[in-house]
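>>> Mind looking at a prediction? Sequence and model below.
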Amino acid sequence: GDSVTQMEGPVTLSEEAFLTINCTYTATGYPSLFWYVQYPGEGLQLLLKATKADDKGSNKGFEATYRKETTSFHLEKGSVQVSDSAVYFCALYLSGGYNKLIFGAGTRLAVHP
Amino acid sequence: GAVVSQHPSRVICKSGTSVKIECRSLDFQATTMFWYRQFPKQSLMLMATSNEGSKATYEQGVEKDKFLINHASLTLSTLTVTSAHPEDSSFYICSARISGSAYEQYFGPGTRLTVT
């Protein structure tokens, strides 16, 4: 079935370090891909998205490129801040009757000064 | 941006009782709302999809008689956990989809349910 796999956390980094959170997916069709972020005590927020192969989503310094050949959508940021500490969820959306988001398990990021 | 609220944020109830969780879209209309359940260190699992004015569609394995969903208006959906048991303890999250959008969902902050 359709699924999303992301790297286990927690990921602990120093401020200004480079971040990569890996995400791979399995889907029968051509999904749209998303990264959501959940800050402590808040709901999930859409961070970025890509709707077709080779699209790059970007927001707040975060980027992810839709790689069809490797079925991946890795999240990257060049220089993390303490305020980036949160849980990050990779997700896919399949249209055509499914109409629902399928989430990965989430990766907790902790950035310390 | 679009805001979704949930009430209560946390609730403790005794085994055998029922508890209702509300999900509201505060500044937009949502014809479709979703209810998720999240276990510790696990993904969000979709429980059901509710469309305003019609019966909810439940995912496989979710007991519709135990998790009652009502979507009576374009801004309110409720989840009632009936005859709760300790295994129902979890984090419940709702989301609301903006009318006309295929996938744009806005999430509530979640409700922590503890059944003793």
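Thanks, I have the structure now. Numbers count the residues shown, from 1 in each chain, chains lettered A, B, ... in the order given.
>>> Count residues in the vicinity of B:Ser5, would you?
Using other C-beta atoms under 10 Å in any protein chain shown, B:Ser5 has 14 neighbouring residues. (Each C-beta comes from the backbone N, C-alpha and C, glycine too.)
>>> Hmm, I typed the wrong one, I wanted A:Pro10.
In terms of burial, A:Pro10 registers 12 neighbours under the definition other C-beta under 10 Å.
>>> show me what contacts it?
By C-beta atoms under 8 Å, 6 or more residues apart in numbering or on different chains, the residues touching A:Pro10 are A:Thr107, A:Arg108, A:Leu109, A:Ala110.
>>> Among the residues you listed, which ones are in strands?
Secondary structure of those is defined by DSSP state E; positions in strands are A:Thr107, A:Arg108, A:Leu109, A:Ala110.
>>> Buried ones among the residues you listed?
Those of the ones in strands among the contacts of A:Pro10 that meet the buried threshold are A:Thr107, A:Leu109, by 16 or more other C-beta atoms under 10 Å in any protein chain shown.
>>> Among the ones in strands among the contacts of A:Pro10, which one sits closest to A:Ala86?
A:Leu109 (6.1 Å; C-beta to C-beta).
>>> Spit out the contact partners of the spatially closest residue to that closest one that is not a sequence neighbour.
Of all residues beyond its chain neighbours, the one nearest A:Leu109 is A:Val11 (4.9 Å), with distances taken as C-beta to C-beta, 6 or more residues apart in numbering or on different chains. Contact criterion C-beta under 8 Å, 6+ apart gives A:Leu19, A:Ile21, A:Thr107, A:Arg108, A:Leu109, A:Ala110 as the residues in contact with A:Val11.
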